[in-house]
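Trainee: Here's a sequence, model it:
(3 chains)
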Amino acid sequence: MQNIHAPKNIQELQQRCQQINGQTLGQLATALQFNIPADLLHAKGWVGQLLEAALGATAASKAMPDFPDLNIELKTIPINAQSKPLESTYVCSVPIKNSMQSWRESWVYNKLKHVLWIPIISNPELTIQQRIICAPIFWQMPEDIEEILRTDWEELMEMLQLGYAQKLSAKFGTYLHIRPKAANSRVLIDYVNAEGELTKIVPKGFYLRPSFTQAILNNYLAQQKTLSVSQYTVSDHNS
DNA sequence: AGCTGATCATAT
DNA sequence: ATATGATCAGCT
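Mentor: Next up, the predicted model:
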């Protein structure tokens, strides 16, 4: 596996997903000549970048889908052997200064409209190289889900526009919520609060709660499919 | 144990 | 500084 170009069509992308389905991250990293980090603390984006390389996602691009020609976004989901998401999913940064957009114009909607989810069995007791790539989930945002996301997004953006960023905690939002997104909490940007005063806040990002990705996984599993072709069968429910 | 706030690396 | 890719880790 080498010199991977951008997939020309969705069939080609599906084929590539099939080729890595069931492989360990160690196997894939070796094939792509990626160095395997000792831990993810100092390599938090490593898994995503490995999968990007394997599938021919356009690397180092900005404000674009991972597969621009196909208009598909790639997201890895760390899950345990019971197919439970272990983390939330980062979507994009929150536009603080921009004037109000409509939902359909928003970055959140356009990033999440078509997503290729790739679950990775990532139990903490598994070393990085032992972690297993599962079957791909090609997903298009259903209408009922869109309504929930749209409502979340509109409420969150309204709070920001009205100057209530300080009160806007991660507790708001059914599926979509807002959390800090910065190198650290000392990174600050300008923000006009509800009183019209110029203040500073930590840059923020949109994230999807684990309950959101759990619903996607459950729906997929309900179609009599398994997430992995390896000896590690995700559909086995125990402990 | 799950959630929320904080944090890490790299590229442009 | 801000975008990409996320996971860490303290607190409830």
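Trainee: Is the residue lying farthest from the centre of chain A in a helix, a strand, or coil?
Mentor: Each residue of chain A has a distance to the centre, and by C-alpha atoms, centre = their mean the biggest one is for residue A:195: 35.0 Å. Per DSSP: H, G, I helix; E, B strand; the rest coil, the secondary structure class of residue A:195 is coil.
Trainee: in terms of contact, does it touch residue A:164 like I think?
Mentor: No: using C-beta atoms under 8 Å, residue A:195 is not in contact with residue A:164, being 10.7 Å away. C-beta here means a position set from N, CA and C on the backbone, and glycine is covered the same way.
Trainee: Which residues of chain A lie near DNA strand B?
Mentor: A:41-45, A:60, A:62, A:84, A:88, A:169-171, A:177, A:179-186, A:202, A:205, A:209-211 (C-beta under 7 Å from any atom of the strand).
Trainee: sorry, back to before: now the residue farthest from the centre of chain A: how far from DNA strand B?
Mentor: 21 Å (C-beta to the nearest atom of the strand, to the nearest Å).
Trainee: need the contact list for that residue.
Mentor: With contact taken as C-beta atoms under 8 Å, 6 or more residues apart in numbering, residue A:195 is in contact with residue A:163.
Trainee: okay, it: pLDDT?
Mentor: Looking at residue A:195, its pLDDT is 94.
Trainee: Residue A:210 now?
Mentor: On the pLDDT scale, residue A:210 gets 98.
Trainee: residue contacts, it?
Mentor: A:84-88.
Trainee: who wins for most neighbours among those residues?
Mentor: residue A:85 (22 neighbours; other C-beta atoms under 10 Å).
Trainee: I figured that residue hits residue A:78, correct?
Mentor: Yes: using C-beta under 8 Å, residue A:85 is in contact with residue A:78, at 7.0 Å.
Trainee: Let me see the contact set for the nearest residue to residue A:55 once chain neighbours are set aside.
Mentor: Residue nearest to residue A:55 in three dimensions, not counting chain neighbours: residue A:16, with 5.2 Å by C-beta to C-beta, 6 or more residues apart in numbering. Going by C-beta under 8 Å, 6+ apart, residue A:16 touches A:4, A:7, A:54-56.
Trainee: Sticking with residue A:16, tell me its helix or strand.
Mentor: helix A:10-20 (DSSP states H and E).
Trainee: For that helix, buried residues please.
Mentor: A:13, A:16-17, A:20 (16 or more other C-beta atoms under 10 Å).
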